[in-house]
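Novice: let's see this in three dimensions:
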Amino acid sequence: MKTYRLPCDWQISMPDHWQGEYDKDDGQCVFYPDDSDLTIRITPFQAAKDGVPAPMEVMENAYIRTIPASAKLRDVNLHAPAGFAVKMYENTVAEEDKTVYVIYAGYCLAGELLSVSIWATDKTECEQTLDILKTIKKVI
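Specialist: Residues are numbered from 1 along each chain as shown. As a prediction, the model looks like this:
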């Protein structure tokens with residue numbers, strides 16, 4: 001496994017054969033295996049006013065507003081860093097005549113939000129990738 005340091009003091013470990021990139025335009029970290037169409041997109045956010053972190057409810061609402069209305073809330077069976085709440089959704093979208101399965105996970109705390117989405121045409125592969133999210137850590 002290779003460990004990546006993400007913006008806003010986050011880290012995640014990916015299998016050695018995966019590629020990792022930072023998309024400056026979107027502020028996203030993008031990870032994918034060479035032999036699949038699966039993609040993980042991770043976007044960290046921090047919000048504070050005059051040095052005071054935004055309330056957790058504000059961060060959670062900001063995350064929920066990014067989730068498509070067609071997505072369904074699902075049970076969370078992920079480890080969350082201490083103090084963080086996690087919300088998870090799933091959806092299917094049509095993209096270039098293919099059905100794409102998407103899992104969204106949001107890690108929220110006052111002033112902090114980590115938005116993760118997993119995209120794949122193979123639902124089983126998408127579900128198996130949730131194990132990678134267990135490696136997410138907040139490092140200080």
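Novice: centroid-nearest residue for the chain?
Specialist: V116 (0.9 Å; C-alpha atoms, centre = their mean).
Novice: ok, that residue to G51 distance?
Specialist: 27 Å (C-beta to C-beta, to the nearest Å). (C-beta placed from N, C-alpha, C; glycine too.)
Novice: and if you look at C29?
Specialist: Taking C-beta to C-beta, one finds C29 at 26 Å from G51.
Novice: okay, the two: which has more neighbours?
Specialist: C29 (21 against 6; other C-beta atoms under 10 Å).
Novice: so what's the more buried one closest to, chain neighbours aside?
Specialist: Nearest non-adjacent residue to C29, counting by C-beta to C-beta, 6 or more residues apart in numbering: I42, 4.5 Å away.
Novice: now the phi/psi pair for that neighbour, please.
Specialist: Main-chain dihedrals, I42, degrees, to the nearest 10: phi -130, psi 130.
Novice: and it, what's its pLDDT?
Specialist: Note for I42: predicted pLDDT of 97.
Novice: please, which helix or strand holds the residue nearest to the centre of the chain?
Specialist: strand 112-120 (DSSP states H and E).
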